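Visitor: Sequence plus predicted model, see below.
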Amino acid sequence: MKRGTIWWVNLEPASPPEFGKLRPAVVVSNSIQNDHLASVVVVPLSTRAPEIWPLRLALEVPGLKPSFAVVPGIRQVAKGRLHEAAGLASAASIARLDEALAVYLGD
């Protein structure tokens, strides 16, 4: 499972403020570990604008509505929650997301 792939993910059950329902999410865990583990780490996508650095980043994916990666929603999910691939984020989008994750998760 390749890092940067967008998957439709079932995020239920969820408790507010967690993201729920079936929604697209970008895989941010590394491809090598993704091949060996039963789970992946994803950042959910939302159509709710605007971009708010580093918490919400515009992410264009062909075939999806204009979307925003919601960095505080990062979470580990079992691969069984993944339904179908929806696309692949560009290298530039992943680089921006990496930078936002470093800021959000750093001290």
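Guide: Happy to help now that I have it.
Visitor: Quick check: residue 62 touching residue 87?
Guide: Yes: between residue 62 and residue 87 a contact is recorded at 5.9 Å, counting by CB atoms under 8 Å. (C-beta placed from N, C-alpha, C; glycine too.)
Visitor: more crowded one of those two?
Guide: The residue with more neighbours, out of residue 62 and residue 87, is residue 87; 17 against 9, by other CB atoms under 10 Å.
Visitor: Okay, and the beta partners of the more buried one?
Guide: Beta-bridge partners of residue 87, counted by DSSP bridges, are residue 6.
Visitor: List the residue ranges of this protein that fall below the pLDDT cut-off.
Guide: 18 (pLDDT under 70).
Visitor: in it, which spans are strands?
Guide: 5-10, 22-27, 39-46, 56-59, 67-70, 75-78, 82-88 (DSSP state E).
Visitor: a markdown table please, covering the ones you listed and showing distance to residue 105.
Guide: A markdown table is the format used below for these (distance: least, CB to CB, whole Å):
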| stretch | distance to residue 105 |
| --- | --- |
| strand 5-10 | 20 |
| strand 22-27 | 15 |
| strand 39-46 | 11 |
| strand 56-59 | 14 |
| strand 67-70 | 14 |
| strand 75-78 | 13 |
| strand 82-88 | 23 |
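Visitor: Nearest to residue 107 among those would be which one?
Guide: The minimum distance between residue 107 and the strands of the chain falls on strand 39-46, with 19.4 Å, by CB to CB.
Visitor: So for the protein, the centremost residue is which one?
Guide: The chain has residue 43 as the residue nearest its centroid, 2.4 Å off, counting by CA atoms, centre = their mean.
Visitor: max-length helix in this protein?
Guide: helix 91-105 (DSSP state H).
Visitor: Now that one: buried residues?
Guide: Using 16 or more other CB atoms under 10 Å as the test for burial, helix 91-105 gives 93-94, 96-97, 100-101.
Visitor: export that helix as PDB, just CAs?
Guide: Coordinates of the C-alpha atoms in helix 91-105 are reproduced here as PDB (Å, rounded to 0.1, in the frame of the first residue of the first chain):
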ATOM      1  CA  ALA A  91       4.400  14.700  -4.700                       C
ATOM      2  CA  ALA A  92       4.000  18.400  -4.000                       C
ATOM      3  CA  SER A  93       0.900  17.900  -1.900                       C
ATOM      4  CA  ILE A  94       2.600  15.200   0.100                       C
ATOM      5  CA  ALA A  95       5.600  17.400   0.700                       C
ATOM      6  CA  ARG A  96       3.300  20.200   2.000                       C
ATOM      7  CA  LEU A  97       1.400  17.600   4.200                       C
ATOM      8  CA  ASP A  98       4.800  16.300   5.600                       C
ATOM      9  CA  GLU A  99       5.700  19.800   6.500                       C
ATOM     10  CA  ALA A 100       2.400  20.400   8.200                       C
ATOM     11  CA  LEU A 101       2.600  17.100  10.100                       C
ATOM     12  CA  ALA A 102       6.100  18.000  11.300                       C
ATOM     13  CA  VAL A 103       4.800  21.300  12.700                       C
ATOM     14  CA  TYR A 104       1.600  19.800  14.200                       C
ATOM     15  CA  LEU A 105       3.400  16.800  15.800                       C
END
